[in-house]
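A.B. asks: Return a 3D structure for these sequence lines:
(2 chains)
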Number of protein chains: 2
Amino acid sequence: MQNRQWLINGNPRGRAIELNDFRETSVELGVLGEDQVRVRTEWLSFDPSQKAQLENVSGYAKGNELGDVMYARGIGEVVESTSADIAVGAKVMGHLGWQEFADLPGRAVEVVADDAFLSARLGILGTTGLTAYFGLLRIGKPEPGDTVLTSGAAGAVGSVVGQIARIMGCETIGIAGGAAKCEWLTGELGFDAAIDYKAERVKSRLSELCPGGVNVFFDNVGGVALNDALARIATHARIVICGGIARYEEAKPAGPTNYFNIVFRQAVMEGFLLSGYERDYEVARERLQGWIESGQILHREDVQQGFDNIPATLMRLFSGANMGKQLLKLT
Amino acid sequence: MQNRQWLINGNPRGRAIELNDFRETSVELGVLGEDQVRVRTEWLSFDPSQKAQLENVSGYAKGNELGDVMYARGIGEVVESTSADIAVGAKVMGHLGWQEFADLPGRAVEVVADDAFLSARLGILGTTGLTAYFGLLRIGKPEPGDTVLTSGAAGAVGSVVGQIARIMGCETIGIAGGAAKCEWLTGELGFDAAIDYKAERVKSRLSELCPGGVNVFFDNVGGVALNDALARIATHARIVICGGIARYEEAKPAGPTNYFNIVFRQAVMEGFLLSGYERDYEVARERLQGWIESGQILHREDVQQGFDNIPATLMRLFSGANMGKQLLKLT
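C.D. replies: The predicted structure follows:
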């Protein structure tokens, strides 16, 4: 049986990802080894950090090489198994990659329930939601009444950050690109305000919206958004650096010229990676699921379709086309 | 009786300080008001933050205006007093300004002992030493065995930071300009290593000196030093932003392009101002004085002389001419 795959074909360091950075191939599936499962990919998850990995940026998990199957987390069904613990027909989550079938050690995948939250485990109940949860609560340390500002607020992480902040009694402001996203934030998601960075001046809008300054800034974007937010921080502000999507396509991204404001404001700017919070995942997932079930958190999935569209779906993250978590369904 | 003064005559925002930014004048001393002291200035303290104040940068204490007596802390002798608490002949410390005599409310000055530590109270036992102490210990949170890197290491703050780090069992590395300063650091002050940024490449020297990365970076300088240090931080590093002297003379200082490394390293960058630590001043001063008396900390004062040299003495800080605390003795 054939297995179609997307291989890494270029290194997009310092520039935008192009379709040509990937090439399609097809290989014959072999005999499954011992203690392995063969997974038919059903869902793929897309995340800005995939570009960083593609560039072999040190610090994240190990990078990929030209000719490797493109790295990605996904969910699929076990179609063949030599693992004593995992039965054929089980749904599993793991690093499936951009391919129709993934042969993996049984211990490398996690069996998940085939329920209404199946795809949510790649988003709000997965690394996306956990990033929002721990990044905001453990690094941002918001207090009720604080003003919490989020960039990339209509994205998978940002939309959850703002809603958790709202639940705990913070004033929530989101920065997003375009009127549709901003309306979604202040309408369905209950943000107190949204700033359309494509149509409005972020710094002056912040002065109007929060004259007392920003207590917590959760940054998914970097670039101008970070610099403008730094100009408006309150004393003892916490700035969570989570993502830098604005920087990913520049050869020499600029640093935040307003960084010295952290001195005048005795503020903290801290980098966030999810690793290290594993022991608290279960509690966080329970709470996130509870908030979804009670309707306190809405989550949106942007679901693209089909093997052929995989590379173009990754590019949606960088053009800002997605609203909510970017996924693709293969079958 | 006449009182010679240096008044603010220009705003050096975005450029170097010039002699012409100050002008000399002389005024007749009036009758001292109630509860006041007239102080004859003996010592003046010089600090990079005086330039920021001159620029009316928000955040620090209130800025100065054109025509005001230039702001400065100093120590002098009370030559006349209408205060019940302060006798003529007492030595007092306070915001004397660049003038021969300062008329101040009695409560605005602090009576200090006329001992061997008199001038040290403007330096290592004053805001300089306290900045090093609280900035390093409360923000940097070094642990024995950590590598502690300091920029502006031969300056008043940096030289104390490195020595406290050495006392507590850290590996100490200083960045300074010129061979003489570097020899002072590794010789008299006991730094483990010094990097001459004028002659060496900071990033590659850091790779050699601390392959495991920098655990604590105490930044007095900003600019290239900050950016190079960010490239070499260890996981969970603490970056203390204390000063930005490299930025003070640029119209549009650049931000640290490597700031995103704080994500990969889960690091913290925090701004430090001394305000808020007042209740612990006494303990810190006792410890600093103890370390001086035991010889564990050496402190150096760069003492210029005479009223006429006051403006030029401030400029020494920005040309890097001073080694240790910059003072000037008037009488």
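A.B. asks: low pLDDT regions in the stretch 1-150 of chain A?
C.D. replies: Within the stretch 1-150 of chain A, the set of residues satisfying pLDDT under 70 comprises A:57-63.
A.B. asks: Helices of that one, residue ranges please.
C.D. replies: Assigned by DSSP state H, counting those that start in this stretch, the helices in the stretch 1-150 of chain A fall at A:49-54, A:127-134.
A.B. asks: so of those helices, which one's packed in deepest?
C.D. replies: Of the helices of the stretch 1-150 of chain A, the one with the most neighbours on average (mean count of other C-beta atoms under 10 Å in any protein chain shown) is helix A:127-134, at a mean of 24. Where C-beta positions appear, they are placed from N, C-alpha and C, glycine not excepted.
A.B. asks: domain ranges for chain A?
C.D. replies: For chain A, automatic domain parsing gives the domain ranges A:2-123+A:300-329, A:127-271.
A.B. asks: Adding distance to B:Val157, write these out as CSV.
C.D. replies: CSV is the format used below for the domains of chain A (distance: least, C-beta to C-beta, whole Å):
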stretch, distance to B:Val157
domain A:2-123+A:300-329, 30
domain A:127-271, 13
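A.B. asks: Pick the most deeply packed of those domains.
C.D. replies: Of all these, domain A:127-271 has the most neighbours on average by mean count of other C-beta under 10 Å, namely a mean of 22.
A.B. asks: near chain B, anything from it?
C.D. replies: Yes: counting by C-beta under 8 Å from any C-beta of the partner chain, chain B is contacted by domain A:127-271 at A:222, A:227, A:241-244, A:247, A:252-271.
A.B. asks: Pretty sure A:Ile239 sits in a helix.
C.D. replies: No: with DSSP: H, G, I helix; E, B strand; the rest coil as the criterion, A:Ile239 is assigned strand and is not in a helix.
A.B. asks: Identify all residues paired with it through a beta bridge.
C.D. replies: Assessed by DSSP bridges, A:Ile239 has beta-bridge partners A:Phe217, A:Met269.
A.B. asks: the strands in the stretch 101-250 of chain A, which residues?
C.D. replies: In the stretch 101-250 of chain A, strands defined by DSSP state E, counting those that start in this stretch lie at A:101-105, A:110-112, A:147-151, A:171-176, A:193-196, A:214-219, A:233-241, listed in chain order.
A.B. asks: I'd like those as JSON lines, with distance to A:Leu330 appended.
C.D. replies: Formatted as JSON lines, those follow (distance: least, C-beta to C-beta, whole Å):
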{"stretch": "strand A:101-105", "distance to A:Leu330": "10"}
{"stretch": "strand A:110-112", "distance to A:Leu330": "16"}
{"stretch": "strand A:147-151", "distance to A:Leu330": "31"}
{"stretch": "strand A:171-176", "distance to A:Leu330": "29"}
{"stretch": "strand A:193-196", "distance to A:Leu330": "34"}
{"stretch": "strand A:214-219", "distance to A:Leu330": "32"}
{"stretch": "strand A:233-241", "distance to A:Leu330": "33"}
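A.B. asks: where's the closest residue to chain B within the stretch 201-331 of chain A relative to B:Ala16, distance?
C.D. replies: Distance from chain B to each residue of the stretch 201-331 of chain A (C-beta to the nearest C-beta) is smallest for A:Phe264, at 2.6 Å. As for A:Phe264, its distance to B:Ala16 is 22 Å (criterion: C-beta to C-beta, to the nearest Å).
A.B. asks: Noted, bye for now.
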